[in-house]
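Novice: coords below, sequence missing:
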């Protein structure tokens, strides 16, 4: 998909936000829902998805909602670092398919990085163990 287009109400994250499909939740409020990536690039990889918007990407996102969203991205990144003690953390977001976006609902990746451990890569097909994700989610949530 290109950078611009029509929002698809049936995208994966819209379905998670409507609770039509399950996700391993870390945090939720009126602004965002954060959950574990079931195809994590690294141990503790979480996704932060804004609620109450049909923005496909950051370009489409209403400016008045940027502050509350970014405050939560930072809060969740800090909790991830506190809970998992990674050596670094990648915080990223993609806009349009050529930039690497695969799900067209705005979302941020918080990816803990560990010295000498390579990332699994974006779009790999190695599904995580759900009980292991639940334990990581619990650890991150406790660090909030």
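Specialist: Ah, there it is. Note that the coordinates shown come from a computational prediction; the quantities given were computed from them, not determined experimentally.

Novice: ok, now which ones touch the residue nearest the centre of the chain?
Specialist: When Cα atoms, centre = their mean is applied to the chain, the residue found nearest the centroid is residue 47 (1.1 Å). By Cβ atoms under 8 Å, 6 or more residues apart in numbering, the contact list for residue 47 reads 13, 34-37, 107-110. (Each C-beta comes from the backbone N, C-alpha and C, glycine too.)

Novice: Flag every buried residue along whichever helix or strand it is part of.
Specialist: Assigned by DSSP states H and E, residue 47 falls within strand 46-50. For strand 46-50, a neighbour-count test (16 or more other Cβ atoms under 10 Å) marks 46-50 as buried.

Novice: Check stretch 63-83 too.
Specialist: 65, 69, 72-73, 76-77, 79-81, 83.

Novice: of the contacts of residue 47, closest to residue 22?
Specialist: residue 35 (9.3 Å; Cβ to Cβ).

Novice: Give the burial count for that closest one, as a bare number.
Specialist: 21 (other Cβ atoms under 10 Å).

Novice: Not counting sequence-adjacent ones, nearest residue to it?
Specialist: Leaving aside its sequence neighbours, residue 35 sits nearest to residue 23 (Cβ to Cβ, 6 or more residues apart in numbering; 4.0 Å).
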